[in-house]
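Novice: here is my input, please return the structure:
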Amino acid sequence: MLISNETDIENVFLCYPLLPDSCPRAQRLTILKVAMYVVMVLMILTTVFGNLLVIISISHFKQLQSPTHMIVQSLAACDCLLGSLVMPYSMVRSVEGCWYLGDVVCKVHSSLDMTFSISSILHLSLIAIDRAHRLPALKIAIYVFMVLMILTTVFGNLLIIISISHFKQLQSPTHLIVRSLAASDCLLGSLVMPYSMG
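Specialist: Coordinates of the predicted model:
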């Protein structure tokens, strides 16, 4: 039994063979890898170009430039960035089973993935609130929710900005990118979001 476990360990291919604590690499047939790449590339292209089509359509046609459609356009821009900046790297990691692009790119990728995903969720929430806004009984609850969302966005991002600016160990290039994203989200929460309440 012990000999079998040792041979199993010896047959495992690591992502980085020179590092003994490296993750095991996924072993897949070449045809399966090619099929996975084809399907995922088609998904990425559909995501990017489908959302570009939405952005161009709303920008071009005047009758589509209502506040609701502007939220949809903003959601499409966020999803287009997700499809072009996050999904290709996730595709390689999913198919190969390893991350070959280094720690900095990993941190930037994770930050962008989280930022765009949360932004998409908030956009979908705004669209749902906009739809429910037409019901008179829900108006007060919606305004309270939106005020809380704006306050959370502004003060949460201010807390991130202050923390990264104050603590020396948080002043790496990745954290500076996070700080600039927090600054843009803070501006979004204070300058744009209040006008979407009307």
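
Novice: how about the helices in the protein?
Specialist: 2-10, 30-60, 67-81, 87-96, 102-132, 139-166, 173-187 (DSSP state H).

Novice: relative to Ser120, how far out is the nearest residue to Gln73 once chain neighbours are set aside?
Specialist: Take Gln73 and drop its neighbours on the chain: the residue closest to it by CB to CB, 6 or more residues apart in numbering is Ile58, 4.3 Å away. Where you see a C-beta, it was placed from the backbone N, CA and C, and this is true even at glycine. Counting by CB to CB, to the nearest Å, the gap from Ile58 to Ser120 is 17 Å.

Novice: coming back round to it: nearest to Tyr195, of the helices of the chain?
Specialist: Closest to Tyr195 of those is helix 67-81 (CB to CB; 8.7 Å).

Novice: separation between Val105 and Ile177?
Specialist: Taking CB to CB, one finds Val105 at 12 Å from Ile177.

Novice: whoops, Thr115 was the one
Specialist: 10 Å.

Novice: same thing with Thr30?
Specialist: Distance from Thr30 to Ile177, by CB to CB: 36 Å.

Novice: if we can go back for a sec, give me the more crowded residue out of Thr115 and Ile177.
Specialist: More neighbours surround Thr115 than the other of Thr115 and Ile177, with 20 against 17 (other CB atoms under 10 Å).
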